[in-house]
Each structure stands twice: as C-alpha cells, then as structure tokens.
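Colleague: Based on what follows, work out the 3D shape:
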Amino acid sequence: MSNKYVEAEAELAEKVVKLFENQGFNPTMMRVYITLFLSTRPLGLTELSKATGYSVSTVCNIVEILERTMDVRKFKQPGSKKIYFECAHDLVLIHRKKMEASTKEAQSMIGILKEAEELLKDDKSPEAVMKREYIIKLRTGYEQIHKMCHKFESMIEAMR
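Modeller: The predicted structure follows:
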C-alpha cells in the first residue's frame, strides 16, 4: 500500500470517528467499526486489536455491540476455530436495526409511562395532577415516535 493510500484511509477514519463522536457515539466503537468497514477482508480479534491499538477484550466487547447495532457479522471459516468479523457495507441493514431499536424503546417507554399514569390516577393533589399531565404529554410523544418508527421501517424495507 502506498503512503498516500494509508494517509487517506487514516484521515477518512478520523473524520468519520469525529462525526459520530459529535453525535454521541463511542469513539472507540467507531474506530473498530471503521477498521472493519475499510478492511478488504474479514479480521479476527487479534488483527482488529493490532489495527486499532485496543486490547483484545475491548475489541471483543465492541464487536458484540456492533453485531447488534451495525452491519457487522461474526463467522468461522470452515475447518477453523478462529472467529472472524466483517462489515457487510449494508446501509439499509444498519438503519433497519436502528429503527427496530427505536421502536422497542418507544414501546417500553409507553408501557412505563402508562404504569406511572395508573399510579397517579386517583391522586388529586396539585403535584400529582401536574406530574400526570407531564407523563401523558411524554407518553403521547412516544406514541407518535412509535408510529413514525413503523413508517420508517416500512420505507427502509422498501429500499431493498
């Protein structure tokens, strides 16, 4: 590989990491992801560790999260015990996973907020009435988010 290529790859990686870090993503996780994204072949934990400078245990924990949240898959080569990871380069898959997570979060919050409403329903004190109104407003917002997530999921699937 030429020095120019290595420099360009490093610059791209740092810009992507910074972009996602500004959005609240873990920079360590993004460095592992971008390493897999830019790799031309599957990588094992030791290779990922060397490429990123993170310990094998750190990389191991991160790739588990990346499998659930991004387009990273884990597999074994036939006849080998070694585990490899690769990026599928599938933007639709990434966004589908994000929408599924957002839908589940909204569902959970709606349930939690309904329980809180139920606990406060018989309390007529001014504080309880005000808190119940806040809870209803928040639940209504999550119900709208839940509906939007379903619409987005349908749109994302239509992209396939």
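Colleague: residue ranges with poor pLDDT in this protein?
Modeller: Along the chain, segments meeting pLDDT under 70 span 1.
Colleague: 90 - rerun?
Modeller: By pLDDT under 90, the weakly predicted segments of the chain are 1-10, 13, 17, 20-25, 77-80, 91-96, 98, 150, 152-160.
Colleague: Please, where are all the strands along it?
Modeller: For the chain, the strands defined by DSSP state E cover 43-44, 72-76, 83-87.
Colleague: The spatially closest residue to residue 91 that is not a sequence neighbour: neighbour count?
Modeller: Spatially, and ignoring its direct neighbours in sequence, residue 91 is nearest to residue 71 (7.7 Å; CB to CB, 6 or more residues apart in numbering). Glycine gets a C-beta too; all of them are placed from N, C-alpha and C. Neighbour count of residue 71, defined by other CB atoms under 10 Å: 21.
Colleague: Equivalent analysis for the one 10 residues further on, please.
Modeller: For residue 81, the number of neighbouring residues by other CB under 10 Å comes to 6.
Colleague: measure it to residue 41 for me?
Modeller: Using CB to CB, to the nearest Å, one gets 18 Å for the distance from residue 81 to residue 41.
Colleague: what do you get for residue 33?
Modeller: Distance from residue 33 to residue 41, by CB to CB: 16 Å.
Colleague: same thing with residue 77?
Modeller: 11 Å.
Colleague: Same question for residue 64.
Modeller: Separation of residue 64 from residue 41 (CB to CB): 21 Å.
Colleague: mind listing the helices for this structure?
Modeller: In the chain, helices defined by DSSP state H lie at 3-22, 27-38, 45-52, 56-69, 91-120, 126-158, listed in chain order.
Colleague: Comparing those helices, which comes out most buried?
Modeller: Ranked by mean neighbour count under mean count of other CB atoms under 10 Å, the helices of the chain are led by helix 27-38, which reaches a mean of 20.
Colleague: quick check: domain ranges of this structure?
Modeller: 3-87, 91-158 (automatic domain parsing).
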